[in-house]
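Trainee: everything below, folded, please.
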Amino acid sequence: MNPAPGAARLRVVLDTNIYIAAFAYPRGRNAVIWTAALEGQYRLLVSPAIIRELARVLRSDFAWDDDRVQRTIRLVSQIGNVIAPRRALKVASDPDDDRIIECAVDGNADLIVSNDHHLLDLKEYAGIPIVAGVDFRRTLGLK
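Mentor: Numbering: from 1, shown residues only. Here you go, the predicted model:
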């Protein structure tokens with residue numbers, strides 16, 4: 001389900017928990033969100049801070065070796081548009097969540113996708129809706 005030629009694609013920032021769910025559980029429900037990014041169904045936005053957090057969690061919480069982490073990080077960086085946020089925000093109770101919001105704001109995102117209740121409780125920031133993975137899958141017409 002690629003967008004029609006010339007059609008605008010949603011600009012989306014994924015929270016680290018979506019990546020983790022997709023990579024650690026490739027048969028899980030959130031894996032289809034990553035697959036949709038690979039297929040170009042939306043424009044993925046990512047920042048160096050998100051990439052660093054992803055690498056840290058894969059190493060420390062999932063005991064991935066450095067080679068596997070590097071391959072994954074390289075792929076995320078190639079698929080996503082890397083945004084270098086120009087401003088530091090203090091909006092969320094978790095500084096890692098602020099990095100997600102910074103990427104979305106400076107990347108002019110249409111949507112933030114997260115399964116973290118701290119972000120979901122905000123509902124939106126600067127006019128950017130924050131939705132759960134299940135809702136984004138529905139938006140893309142995925143199960």
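
Trainee: show me where this structure has strands.
Mentor: Ranges of strands within the chain are 11-14, 43-46, 81-82, 111-113, 124-125, 128-131, based on DSSP state E.

Trainee: can I get the ones you listed in TSV including distance to K143?
Mentor: To be clear about C-beta, it is placed using only N, CA and C from the backbone, and glycine gets the same treatment. Shown next, in TSV, are those (distance: least, C-beta to C-beta, whole Å):
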stretch	distance to K143
strand 11-14	18
strand 43-46	20
strand 81-82	27
strand 111-113	16
strand 124-125	25
strand 128-131	16
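
Trainee: I'd like those as a markdown table, with mean pLDDT appended.
Mentor: What follows is those, written out as a markdown table (pLDDT from 0 to 100):
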| stretch | mean pLDDT |
| --- | --- |
| strand 11-14 | 97 |
| strand 43-46 | 97 |
| strand 81-82 | 96 |
| strand 111-113 | 97 |
| strand 124-125 | 94 |
| strand 128-131 | 97 |
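
Trainee: nearest to Y25, out of these?
Mentor: strand 11-14 (14.8 Å; C-beta to C-beta).

Trainee: for this structure, which spans come out with low pLDDT?
Mentor: The chain contains residues with pLDDT under 70 at 1-8.

Trainee: so what's the most centrally placed residue in it up against?
Mentor: For the chain, the residue nearest the mean C-alpha position is L14 (1.4 Å; C-alpha atoms, centre = their mean). When contacts are counted by C-beta atoms under 8 Å, 6 or more residues apart in numbering, L14 touches I33, A37, L44, V46, V113, S114.

Trainee: farthest pair within these?
Mentor: Once C-beta to C-beta is applied, these give A37 and S114 as the farthest pair, at 15.0 Å.

Trainee: that older thread, buried ones among the contacts of L14?
Mentor: Burial by neighbour count, 16 or more other C-beta atoms under 10 Å: within these this picks out I33, A37, L44, V46, V113, S114.
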